[in-house]
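Asker: A structural model of the following input is requested.
(chains A and B)
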Amino acid sequence: QSALTQPASVSGSPGQSVTISCTGTSSDVGGYNYVSWYQQHPGKAPKLMIYDVSHRPSGVSNRFSGSKSANTASLTISGLQAEDEADYYCTSYTSSNTPCVFGTGTKVTVL
Amino acid sequence: EVQLVESSGGLIQPGGSLRLSCAASGFTVSNSYMSWVRQAPGKGLEWVSIIYAAGSTYYADSVKGRFTISRDNSKNTLYLQMNSLRAEDTAVYFCAKGQSPTELAFWGQGTLVTVSS
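Answerer: Numbers count the residues shown, from 1 in each chain, chains lettered A, B, ... in the order given. Here you go, the predicted model:
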């Protein structure tokens, strides 16, 4: 099972919006509404930000939103803040013999 | 409060074995999707293995046949038995609890496993 494809990096100024894409296939992203997004700061464990494509866990800022179109899922961070600078990973359920696959990861830089 | 505490990793020679444990509190391991995810130094997250509440287990192709996931319900603890370790298994290993294979809401602090001679 190949990793889902994410851009290596995205950047934006405080207050702007940035969008991270996560591209898979019809066997994973396109086939199921089980896409999640994680935020990871250096040296820390990942934190769940979005699950089931667009649902936010309790306590996660509404500046984070998720969506999906065909084989590509997206995470949008609105009103970018310094604390949003981190690595972000998508993950999807898959129909292969391994039920979960992660994306390649995207580093978000706040300029 | 949900807590996951992994055992210490360590330095292991190639071909060696190590068992990681993940002690859970605040919930019941046997009622949850429990996963192991690893991260090689400077690299991205890699899904390793999962055990479903019903007991089904799945593995990444990179560890299949070498790693075994299990749980001890009496100790409320998750395990990862790692055999025939290779240099490429060097990583921080995280255990995680989820409502589904992809919805991993709670994570342990991670433990470093280094495979080197």
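Asker: kindly report the residues of chain A close to chain B.
Answerer: A:1, A:3, A:34-36, A:38, A:40, A:45-48, A:51-52, A:57, A:87, A:89, A:91-93, A:97-105 (CB under 8 Å from any CB of the partner chain). Yep, even glycine has a C-beta here, placed from its N, CA and C like the rest.
Asker: buried ones from those, can you make that a ChimeraX selection?
Answerer: The buried residues among the residues of chain A next to chain B can be selected in ChimeraX (16 or more other CB atoms under 10 Å in any protein chain shown) with this line:
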select /A:1,3,34,35,36,38,40,45,46,47,48,51,52,87,89,91,92,93,98,99,100,101,102,103,104,105
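Asker: which of the residues of chain A next to chain B fall in strands?
Answerer: Under the assignment DSSP state E, the residues of chain A next to chain B contribute A:35-36, A:38, A:40, A:47-48, A:87, A:89, A:91-93, A:100-102 to strands.
Asker: what's the farthest-apart pair in those?
Answerer: Longest distance between any two of these is 21.5 Å, between A:Asp87 and A:Tyr93; criterion CB to CB.
Asker: residue closest to the middle of chain B?
Answerer: Residue closest to the average C-alpha location in chain B (CA atoms, centre = their mean): B:Trp36, at 3.2 Å.
Asker: give me the neighbour count for the nearest residue to that residue once chain neighbours are set aside.
Answerer: The shortest distance from B:Trp36 to any non-neighbouring residue, by CB to CB, 6 or more residues apart in numbering or on different chains, is to B:Val48 (4.2 Å). By other CB atoms under 10 Å in any protein chain shown, 25 other residues sit near B:Val48.
Asker: cool, thanks, talk later.
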